[in-house]
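Asks: here is my input, please return the structure:
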Amino acid sequence: MFRQTSPGVRRVGAVSLAAATAVLFTAVAGAPAVGAVDTSETVDNCESLREAGDNFAELCLSADETGTPAAYVAPGVDEIASTPNLKQIANLPKSGAFAREASYNTDMAFQGDYAFVGNYDGFTIYDVSKPSAPQVTSQVVCPGSQNDLSVFGNLVFLSVDSSRNDDSCNSTSQSANIKTSWEGVRIFDVTDKASPTYIKAIETDCGSHTHTLVPGKNDGNLYVYVQSYSPSNNAADCKPPHDKLSIIKVPLANPTAAAVVATPNLFPDTLGANSTSGCHDVTVYPELDLAAGACMGDGILMDISDRENPVVLSRVRDANFAFWHSATFNNAGTKVVFTDELGGGSSATCNATIGPKRGADAIFDIVGSGANRSLEFKSYFKIPRENTSTENCVAHNGSLIPAMGRDIMVQAWYQGGISVWDFTDSANPQEIAYWERGPISASRLVLGGAWSTYYHNGYIYSSDIQKGLDVLKLTDPRTDNARAIAFGELNVQSQPSYPSCTEVITERRNGGLTVKSGVVCLDGATVNGGVNVAPGASLIAFNAKINGGVKANGASVVSVVESQVNGGLTALGAKASVRDSKVNGSVKIDS
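Replies: Numbering: from 1, shown residues only. Have a look, this model is predicted:
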């Protein structure tokens, strides 16, 4: 997810909300579409890759420049290789206006039974109520790379980091040197998933390469942290220095009043490392008032207690990192995984020449407390498989898997495929599963592979640049219990928390169980007796058998999934969920 531009040149494309009421709806692959595709770009030449944004122009480097060796033994073109515990259960190819090679799929978000997937030419809403058979609900054509997106309630936000002649969905590319050019954030109303409505555009300096949603503190506002970079003295609205965020405030009662309210400088004393002039991605952990920023040459930890005034707590650099790309917290908020997008995501960097420390993940522990918190490097992780010279491969977007008592994430590696890895021991990460396709082509490097791969409510969803939407099922005793956790809405860069087990029980317990405090997790356990959960404490049961009733009035969280309760279950005043379970008695929970 990056962009690198030549000096004095910035990306093209944009729109002004002038045409918001003139959005066109046409049938595309059986679903509505908005706007018209900009067909001026093709993928077969270096100039088009430069205009596409990100750092994709790195693809134009020679083998000598990237250190790419001869091809290694790997799955053949479009062949599948995987560990037995990770299997594909569905694929829905790109279609309609997004079928062409240059229509790159990008980031993802989830809400209820829907998955939202960005594309350089717009976005698609999928019905994933049956994960093994996803269906297109609607396709919105609205060009403007990268169209990374997020969802909040009835609103979808899209990042546009290619300069456009206006902010409409019918816009065309236009040089950022022209003052009237536009780029920034678009907002759609998706109350009707079959017919999204374009309602607002907000222009931001240097556009919006990515963005992150940050809920306000019970004030009726939503904040959007806009990340952008690569300023140019020739750009009308993006001149250096640009070591800042653009912060948009969205009044949820009146989202069309959204506007930029702050542009904090994250590096006020000195420019960021090397080419840092802005940030690529920021992941927030709203419940902990923390954020981790991948700012091209720097990794930073921020306090976001004041949503409009983030404060940098710690700043790190790494000689092995070429481009700090994205960040992921563990659930406890005690670790951060940063990714390095070496080669712009378009080069073959998963090979012996590049080695295990470049184009990899770096794991940092968060040490100290309060204003004295800092990032402490622990180790690197990179997939151990060597890819061919026609496969772009590097660390990219991933998410936590809410496994009991472990820090495990699933991650996209472009044509390196999908990796599931455990970093519970920060210094000794281990891969536990993988799935990958062979190269798209044996003769040329076609930009492709998994852009974002996220775990959501029991399944792994992957947005493949060329192949469309993949759905996979992970079956592993270390992660199966993650099915006990479900989110109604998921934006990975706005990281939600889930209950952290203070005790995990896997064996038989006789005489019942009393949970006095903390979070007790039953993972395949049998309890011969009733379970009593004290007010404020929590119980999570997965694949468990409770030979007695469950009493949990006033508890914090009660989650019973794929389990059997031989008695009644009462959890009034708690956040309670009973899914795919058999309860031989009355169930009393708040609806």
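
Asks: what ranges in the chain fall below the confidence cut-off?
Replies: 1-73, 270-276 (pLDDT under 70).

Asks: what are the ranges of the helices in it?
Replies: Remark: helices assigned in the chain by DSSP state H are 46-52, 63-66.

Asks: show me what counts as buried in stretch 249-261.
Replies: By 16 or more other C-beta atoms under 10 Å, the buried positions in stretch 249-261 come out as 249-250, 252, 255, 258, 260. Bear in mind the C-beta positions are built from the backbone N, C-alpha and C, glycine included.

Asks: and what of stretch 325-335?
Replies: Those would be 325-331, 333, 335, for stretch 325-335 by 16+ other C-beta under 10 Å.

Asks: any idea how far that stretch is from the chain center?
Replies: Distance of stretch 325-335 from the chain centroid (C-alpha atoms, centre = their mean, to the nearest Å) equals 12 Å.

Asks: could you dump that stretch to CSV, C-alpha only?
Replies: The C-alpha trace of stretch 325-335 is given here as CSV (Å, rounded to 0.1, in the frame of the first residue of the first chain):
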residue,chain,number,x,y,z
HIS,A,325,4.1,0.6,6.3
SER,A,326,1.6,-0.5,8.9
ALA,A,327,1.1,-1.5,12.6
THR,A,328,-0.8,-4.0,14.7
PHE,A,329,-1.1,-4.0,18.5
ASN,A,330,-1.6,-7.2,20.4
ASN,A,331,-4.8,-7.4,22.4
ALA,A,332,-3.2,-6.4,25.7
GLY,A,333,-1.7,-3.3,24.1
THR,A,334,1.8,-4.4,25.2
LYS,A,335,3.3,-5.1,21.8
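
Asks: from residue 234, how far out is residue 278?
Replies: Distance, residue 278 to residue 234, using C-beta to C-beta, to the nearest Å: 17 Å.

Asks: so between these two, which is more surrounded?
Replies: Applying other C-beta atoms under 10 Å to residue 278 and residue 234 shows that residue 278 carries more neighbours, namely 27 against 14.

Asks: quick check, the more buried one in contact with residue 239.
Replies: No. If you go by C-beta atoms under 8 Å, residue 278 and residue 239 don't touch, sitting 12.0 Å apart.

Asks: which neighbours do the two share?
Replies: residue 231 (C-beta atoms under 8 Å, 6 or more residues apart in numbering).

Asks: all strands for the stretch 101-250 of the chain, in order.
Replies: Along the stretch 101-250 of the chain, counting by DSSP state E, counting those that start in this stretch, strands occupy 105-111, 114-119, 122-127, 135-141, 146-152, 155-160, 184-189, 197-203, 210-215, 221-227, 246-251.

Asks: centroid-nearest residue for this structure?
Replies: residue 492 (4.2 Å; C-alpha atoms, centre = their mean).

Asks: and the closest residue to residue 488 other than its chain neighbours, backbone torsions?
Replies: Among residues not flanking residue 488 along the chain, residue 112 sits closest, at 6.4 Å (C-beta to C-beta, 6 or more residues apart in numbering). When read as degrees, to the nearest 10, the backbone of residue 112 gives phi 60, psi -130.

Asks: which of the buried residues of stretch 249-261 sit farthest apart?
Replies: 252 and 260 (17.0 Å; C-beta to C-beta).

Asks: count of neighbours near residue 130?
Replies: Residue 130: 11 neighbours (other C-beta under 10 Å).

Asks: same check, this time on the one 4 residues further on
Replies: Counted with other C-beta under 10 Å, residues neighbouring residue 134 total 23.

Asks: you'd agree it is up against residue 125?
Replies: No. Here residue 134 does not reach residue 125: they are 10.6 Å apart, not a contact under C-beta under 8 Å.

Asks: overlap in contacts, the two.
Replies: With C-beta under 8 Å, 6+ apart, residue 134 and residue 125 have common neighbours residue 115.

Asks: how far away is residue 262 from residue 245?
Replies: 8 Å.

Asks: more neighbours: which of these two?
Replies: A side-by-side neighbour count of residue 262 and residue 245, using other C-beta under 10 Å, places residue 245 first with 26 against 17.

Asks: name all residues that make contact with that one.
Replies: 225-227, 262-264, 266, 279, 282, 310.

Asks: rerun at 6 Å
Replies: 225, 264 (C-beta atoms under 6 Å, 6 or more residues apart in numbering).

Asks: skipping adjacent residues, who's closest to residue 509 in space?
Replies: For residue 509, the spatially nearest residue (C-beta to C-beta, 6+ apart) is residue 527, at 4.8 Å.

Asks: correct me, but the one you found touches residue 514?
Replies: No. Checked against C-beta atoms under 6 Å, the pair residue 527 and residue 514 is beyond contact range at 10.7 Å.

Asks: mind checking which of these two has more residues around it?
Replies: Shown here are residue 527 and residue 514; by other C-beta under 10 Å, residue 527 has more neighbours (22 against 14).

Asks: could you tell me which residues make contact with the more buried one?
Replies: Contacts of residue 527 by C-beta under 6 Å, 6+ apart are 509, 513, 546.

Asks: and the gap between the last one and residue 585?
Replies: It stands for residue 546. Taking C-beta to C-beta, one finds residue 546 at 11 Å from residue 585.

Asks: tell me how many other residues surround the nearest residue to residue 295 once chain neighbours are set aside.
Replies: In space, residue 295 comes closest to residue 279 once its chain neighbours are excluded; the distance is 4.0 Å by C-beta to C-beta, 6+ apart. Residue 279 has 28 neighbours, counted by other C-beta under 10 Å.

Asks: looks like residue 279 contacts residue 297 (just checking).
Replies: No. The criterion here is C-beta under 6 Å, and residue 279 misses it with residue 297 at 10.2 Å.

Asks: excluding its backbone neighbours, what's nearest the residue of the chain positioned farthest from its centre?
Replies: Distance from the C-alpha centroid of the chain, by C-alpha atoms, centre = their mean, peaks at residue 511 (44.0 Å). The shortest distance from residue 511 to any non-neighbouring residue, by C-beta to C-beta, 6+ apart, is to residue 529 (5.2 Å).

Asks: residue 589 contacts residue 571, doesn't it?
Replies: Yes. Residue 589 lies in contact with residue 571 (C-beta under 6 Å); the separation is 4.9 Å.

Asks: comparing the two, which residue is more hemmed in?
Replies: Between residue 589 and residue 571, counting by other C-beta under 10 Å, residue 571 is the more crowded of the two (25 against 17).

Asks: can you tell me how far residue 536 sits from residue 552?
Replies: Separation of residue 536 from residue 552 (C-beta to C-beta): 11 Å.

Asks: same question, residue 134
Replies: Counting by C-beta to C-beta - residue 134 and residue 552 are separated by 35 Å.

Asks: hmm, who's touching stretch 223-241?
Replies: 5, 8, 10, 176-177, 179, 204-212, 214, 242, 245-249, 271, 277-282, 296, 307.

Asks: correct me, but residue 579 touches residue 563?
Replies: No. Using C-beta under 6 Å as the test, residue 579 is too far from residue 563 to be in contact (9.2 Å).

Asks: so between the two, which is more surrounded?
Replies: Neighbours were counted for residue 579 and for residue 563 using other C-beta under 10 Å; residue 563 has more, 24 against 14.

Asks: for the more buried one, give its distance to residue 556.
Replies: 19 Å.

Asks: now residue 156
Replies: 31 Å.

Asks: the two: which has the busier surroundings?
Replies: Each of residue 156 and residue 556 has its neighbours counted (other C-beta under 10 Å); residue 156 has more, 25 against 19.

Asks: I'd say that one and residue 188 touch.
Replies: Yes. Counting by C-beta under 6 Å, residue 188 is a contact partner of residue 156 at 4.5 Å.
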